[in-house]
Each structure stands twice: as C-alpha cells, then as structure tokens.
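Undergrad: My questions concern the predicted model and sequence given below.
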Amino acid sequence: MFGFEDDYSFGVLQSSLHWIWFVTKCGKLKGDFRYSAESVFDTFPWPQQPTRAQIKAVAEAAVTLRALRRETMRKLNYSLRDLYRTLDQPGDNPLRNAHARLDAAVRAAYEMAEAVDPLAFLLELNLACAATEKAGEKITPLGLPLPREEQQRFVTEDCIAAPTE
C-alpha cells in the first residue's frame, strides 16, 4: 500500500518508469519479485520540477486508466490479474493504450525524451538527488508536489482518502 490519495502519485507509481526501477532494485525470493520500501520506494526519484500542466496530465491519465480498468473488470467479470493478462495478447488493447498515455505523461513530467534509456535516466536522477540532499539542499520529495491547499483538486472519488484530522 502507498499512502497517497492523489491521482498524480498513483500515475507515477503505475508508470513503466516505476516498474523498471522496481524490477531492477527489488529483491527476489525464488524468482518472485519482492517490493520493499528501502530498496525500491525510498530510492525511486520522483520528477523534480513538474509543471502544474504536467501534474494535471499525469493525474488525468491515471484517472482514465483506473476508470478503464474498473469498467473492463466489471463488464467482463475479470480480476485485475485477468485484465493484465490481456496484455500478453497481440493486437490493439485499450489497456495498453491507456498505459502508453500514462507513460507519455509521466515521461513529460520528468522532462525525459522518448529516446532516453529510462533506467539510466532514473539512476542519474537518483544520484543527482542524493548529491543535492548531501549538500543540504532540498529536492522534490515523493508524492504530489503542490501546496496542501491545491492538492484536493487531484483527488478523485475513486481514490482511497486519508483520514481527516
């Protein structure tokens, strides 16, 4: 579980960029991937200076992806696993297209060109963020990089909301 209620964070974490980081950094137990906060989540560099338009594009692509998943699963009586198995089939696939749109939005938030190797880019960004922090300077932390009063615009009804105080 990730403690974010916003669509932007969901989008970044559902992107192929996070997946690539995960499969590279995770532990493996009998060949199965193991996600851990220390090796994967805490080391994953988030976009450092996304614009509001880029944040909005990631959030909108994330909402579209969730809506597609929910509707397809309902209509076909699929589990999430069943749904993602459809990606193994050749041909046009709305889920594949939705992920491609999300990935394009996330790459734009990172200001990452299409031809750039994503793992090399993320490693370089991780090292740059570590050096910046070591120098006592701030980096953009994980999550939605907006003032608290603006964050609610990026939380849709289908997100799990954090308890209010």
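TA: Looks like it came in fine.

Undergrad: quick one, strands of the protein?
TA: For the chain, the strands defined by DSSP state E occupy 27-29, 32-34.

Undergrad: What values do phi and psi take at Thr43?
TA: Main-chain dihedrals, Thr43, degrees, to the nearest 10: phi -100, psi -10.

Undergrad: how deep is it tucked in, by neighbour count?
TA: 15 (other C-beta atoms under 10 Å). (C-beta placed from N, C-alpha, C; glycine too.)

Undergrad: residue contacts, it?
TA: Thr43 makes contact with 21, 25, 126 under the criterion C-beta atoms under 8 Å, 6 or more residues apart in numbering.

Undergrad: other SSEs contacting the lengthiest helix in the chain?
TA: Taking DSSP state H as the assignment, the helix of the chain that covers the most residues is helix 52-76. Using 3 or more C-beta pairs under 8 Å, 6 or more residues apart in numbering; DSSP states H and E as the contact criterion, the secondary-structure elements in contact with helix 52-76 are helix 7-14, helix 80-85, helix 94-110.

Undergrad: now these in TSV, with distance to Asp158 and mean pLDDT?
TA: Conversion of the helices and strands packed on helix 52-76 to TSV gives the following (distance: least, C-beta to C-beta, whole Å; pLDDT from 0 to 100):
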stretch	distance to Asp158	mean pLDDT
helix 7-14	9	94
helix 80-85	14	94
helix 94-110	15	97
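
Undergrad: closest one to Thr140 among those helices?
TA: Checking those against Thr140 by C-beta to C-beta gives helix 94-110 as the closest, at 10.5 Å.

Undergrad: ok, and what's touching the closest one?
TA: Contacts of helix 94-110 from elsewhere in the structure, counted by C-beta under 8 Å, 6+ apart, are 11-12, 14-17, 47, 50, 54-55, 57-58, 60-62, 64-65, 68-69, 72, 83-84, 86-87, 113-114, 118, 121, 125.

Undergrad: Buried ones only from the residues you listed, please, as a PyMOL command.
TA: Of the contacts of helix 94-110, the buried ones can be selected in PyMOL as follows, counting by 16 or more other C-beta atoms under 10 Å:
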select buried, resi 11+12+14+15+17+47+50+54+55+57+58+60+61+62+64+65+68+69+72+83+118+121+125
